[in-house]
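1. How does the following fold in three dimensions:
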Amino acid sequence: MNHGRRGPQKIEKAKDFKGAMKSLIKYCKPYLIPVLIAVILAMISAILSIIGPDKLRDMTNLISNGLLVGIDMTGVKKIAITLIIMYLISAVFGYIEQVIMAIVTNKFSKALRKDISEKINNMPLKYFDKNSYGDILSRVTNDVDTLSMTLNQSLGTLVSAITLLIGSIIMMIVTNGLMAITAMASSLLGFVFMFSVISRSQKYFEKLQNGIGELNGHIEEMYAGHNIVKVYNGISDANQKFDDINNELFENVRKSQFLSGLMHPFMGFIGNFGYVCVCIVGALLTMNDVIDFGVIVAFMLYVRLFTQPLSQIAQSMSSLQSTAAASERVFEFLKEEDMPNESNIKEKLDIKNVKGDISFEHVKFGYNDDKIIIKDFNVDVKSGEKVAIVGPTGAGKTTMVNLLMKFYDINNGDIKIDGISTKNLTRDNIHDLFIMVLQDTWVFEGTIKDNIKYNKKDVSLDKIKEVCKIVGLHHYINSLPHGYDTLITDNDTLSSGQKQLLTIARGMIKDAPFLILDEATSSVDTRTEELVQKAMDKLTEGRTSFIIAHRLSTIKNADLILMMQDGNIVEQGTHEELLKLNGKYAELYNSQFEKMES
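-> Predicted coordinates for the structure are as follows:
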């Protein structure tokens, strides 16, 4: 059943940046304690690095004074040992902080992927009708990976850099106020430049993430229908569309990386400029006996500790811009509307006690309020009846099945199963009652046996073989190297018809009171269709069946045929009754034979 697969859509830019950041922070709450530990370790590591220059100043003064009267080697030794211990502790704490952040971010991304997977299963089909599958896939993979990677690499660095920045400012002011002002004033330009770049480059990071999603959407659509693209010579158009998206993505990457790339070398220049300023002012102060030589050495290290975090903050902010853009897309997706909650529904139909009656009462439905597809649908289906739904394309045949399966909620009216409204039954309960064999075949990577008994436990191999004999697959499966344990992959040798037979066998394995066949024989040849039709006749025995068919020859034996047009039933009856009416059904039926004769 085609649920509205569409080409790649132009993805609009996420607009709720602050909301995405709040969601990200809220989402990190379960990991608050380990993150705080990592932050504290990063701060301690940074503080130890800040204290180092003060000790080096003392060592320098001991050595410089000792050049005149004799060096105090005991004092130098004590300071050297203290420095070694401090830097070792700083390195150990830094390592532990990195390990903790790696564990936390991996758990974070794992939980985020799990929530996205659950979100996908709880979202209405209308969302997937409006968005390309490639963009959704990009949010699950690229955007979550971006979040995880940048949080792991940037958070600890950012905390350590901020601590170094604040700590070095305090130590500089305590050591010498004039030189502290000199160092900070020379670096102020760096702050102004950094925030200017961030404000201009953020929009390109957002466009970059959206562009990746759009590109994935285009690639997914083109390769899913690769044969059609080649048959209709659409390769040049597909390549042109790819080039347009790719060029736009290239421009956004170039601009974002160019702007963010300016920060690191510019901050390096600011750092060196700060060195020059400190050396000049320090030399003047030393000449006037205001400070000693050790203060200049300490300040040169403080300037390094002051400018280094500026570069780290600039680099982290560049990474966090990608994180912000990715988080907007991820949390925008997680905030999408779910299907209505059904926790308050207590009524349930027992699959073993279902009679099989279904009634549609004045059903009205539209995918949006402006376009009503089903206008006033009424029909009563008795237990065990075989109901065929026919009509031209766009008449609403598949839509009726979607409503029956509660894939969409009806606007007005009611659908009842054994007198119970589907509004009072959960989707899971309704899905358990139905066997579905769809027009679009679906097989997954696994053995043939696993594909046939999909999600059905305690099914014996003998039962699977019996079903495959009915649909005509048994002989072919036995000819395969590993029989029913043959692995189906993307490069398997199953034809479209064989895949359809496999999905029909899967439907026969499921023992449910209702059956839906949506063009189930469309992919098989005429001879195979006869075998499948016999299998379908056996499958429909004792079940209330709904058959959507374009080959009207396959539904001659239906108990009730519904001729639909423009969302309404225009004719209903048996095959013979509708032919006698000489109306829309007869016209449609006869037109098929006219095409065959011509």
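2. Quick check: residue 577 vs residue 358, distance?
-> From residue 577 across to residue 358, the span is 21 Å (CB to CB, to the nearest Å). C-beta coordinates here come from the backbone N, C-alpha and C atoms, glycine included.
3. more neighbours, the two?
-> Shown here are residue 577 and residue 358; by other CB atoms under 10 Å, residue 358 has more neighbours (23 against 13).
4. Pretty sure the more buried one sits against residue 420.
-> No: counting by CB atoms under 8 Å, residue 358 sits too far from residue 420 to count as a contact (10.5 Å).
5. Please report phi then psi for residue 568.
-> Reported as degrees, to the nearest 10, the phi and psi values for residue 568 are phi -130, psi 160.
6. Please apply the same query to residue 406.
-> With angles defined as degrees, to the nearest 10, residue 406 sits at phi 60, psi 30.
7. quick one: the strands in the protein?
-> For the chain, the strands defined by DSSP state E cover 358-368, 371-381, 386-390, 412-417, 420-421, 434-437, 446-447, 487-488, 514-518, 544-548, 560-565, 568-573.
8. Buried ones in the last one, by neighbour count?
-> If you call a residue buried by 16 or more other CB atoms under 10 Å, then strand 568-573 has these buried ones: 569, 571, 572.
9. just the fourth one next, same as before
-> In terms of neighbour count (16+ other CB under 10 Å), strand 412-417 has its buried residues at 413, 415, 416, 417.
10. Using a markdown table, please lay out those together with pLDDT and distance to residue 269.
-> Converted to a markdown table, those look like this (pLDDT from 0 to 100; distance: CB to CB, whole Å):
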| residue | pLDDT | distance to residue 269 |
| --- | --- | --- |
| 413 | 91 | 72 |
| 415 | 92 | 71 |
| 416 | 92 | 76 |
| 417 | 92 | 74 |
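11. now those residues in TSV, with distance to residue 201?
-> TSV is the format used below for the buried residues of strand 412-417 (distance: CB to CB, whole Å):
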residue	distance to residue 201
413	53
415	53
416	58
417	57
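12. Show me which of those is closest to residue 303.
-> residue 415 (75.4 Å; CB to CB).
13. List the contacts of that closest one.
-> Residues in contact with residue 415 (CB atoms under 8 Å, 6 or more residues apart in numbering) are 358, 359, 360, 361, 363, 403, 404, 421, 422.
14. Among these, pick out the one closest to residue 256, please.
-> Of those, the one sitting nearest to residue 256 (CB to CB) turns out to be residue 403, at 45.7 Å.
15. Could you report the separation of residue 577 from residue 281?
-> 104 Å.
16. same check, this time on residue 144
-> 49 Å.
17. Ok, residue 294 next?
-> For residue 294 relative to residue 281 (CB to CB), the value is 16 Å.
18. which residues of the stretch 301-450 of the chain score low on pLDDT?
-> Residue ranges of the stretch 301-450 of the chain with pLDDT under 70: 310-319, 321.
19. please redo it, this time with the cut-off set to 50
-> With pLDDT under 50 as the threshold, the stretch 301-450 of the chain has no low-confidence stretch at all.
20. packing partners for the longest helix seen in the chain?
-> With secondary structure taken from DSSP state H, the chain has its longest helix at helix 235-287. Counting contacts by 3 or more CB pairs under 8 Å, 6 or more residues apart in numbering; DSSP states H and E, helix 235-287 is packed against helix 177-224, helix 293-334.
21. so residue 571 touches residue 588, yeah?
-> No: Residue 571 is beyond contact range of residue 588, at 10.0 Å (criterion: CB under 8 Å).
22. Identify the residues contacting the residue nearest to the spatial centre of the chain.
-> Central residue of the chain (CA atoms, centre = their mean): residue 140, 2.4 Å from the mean position. Going by CB under 8 Å, 6+ apart, residue 140 touches 113, 116, 117.
23. wait, residue 296 sits on residue 282?
-> Yes: with contacts counted by CB under 8 Å, residue 296 reaches residue 282, the gap being 3.9 Å.
24. Tell me which of those two has more neighbours.
-> residue 282 (23 against 20).
25. So the more buried one is in contact with residue 288, correct?
-> No: using CB under 8 Å, residue 282 is not in contact with residue 288, being 11.0 Å away.
26. Considering only helices and strands, which part of the protein has the lowest mean pLDDT?
-> Among the helices and strands of the chain, helix 32-69 carries the lowest confidence by mean pLDDT, DSSP states H and E, at a mean of 62.
27. give me the number of residues near residue 235?
-> Neighbours of residue 235 (other CB under 10 Å): 12.
28. can you check residue 287 too?
-> 8.
29. One more: the one 10 residues further on?
-> For residue 297, the count of nearby residues is 18 (other CB under 10 Å).
30. pLDDT score for it?
-> What the model reports as pLDDT for residue 297 is 73.
31. Provide the contact partners of stretch 106-119 at residue level.
-> 27-28, 30-31, 139-140, 144-145, 147-148, 151-152, 330, 333-334, 336, 338.
32. again but with stretch 441-448, I slipped
-> In contact with stretch 441-448 (CB under 8 Å, 6+ apart) are residues 451, 454, 477, 480, 482-490, 492, 494, 496, 499-500, 502-503, 523.
33. which residue packs closest to residue 148, ignoring adjacent ones?
-> residue 109 (3.6 Å; CB to CB, 6 or more residues apart in numbering).
34. ditto for residue 487
-> Closest to residue 487 by CB to CB, 6+ apart is residue 447, at 5.7 Å.
35. Please report the distance of that neighbour from residue 480.
-> 10 Å.
36. Overlap in contacts, the two.
-> residue 486.
37. Could you list the low-confidence segments of the stretch 51-200 of the chain?
-> 67-68.
38. Quick check: can you list the domain ranges of this protein?
-> 17-334, 358-597 (automatic domain parsing).
39. Take the ones you listed and lay them out in JSON lines including distance to residue 347.
-> Listed next are the domains of the chain as JSON lines, based on distance: least, CB to CB, whole Å:
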{"stretch": "domain 17-334", "distance to residue 347": "21"}
{"stretch": "domain 358-597", "distance to residue 347": "5"}
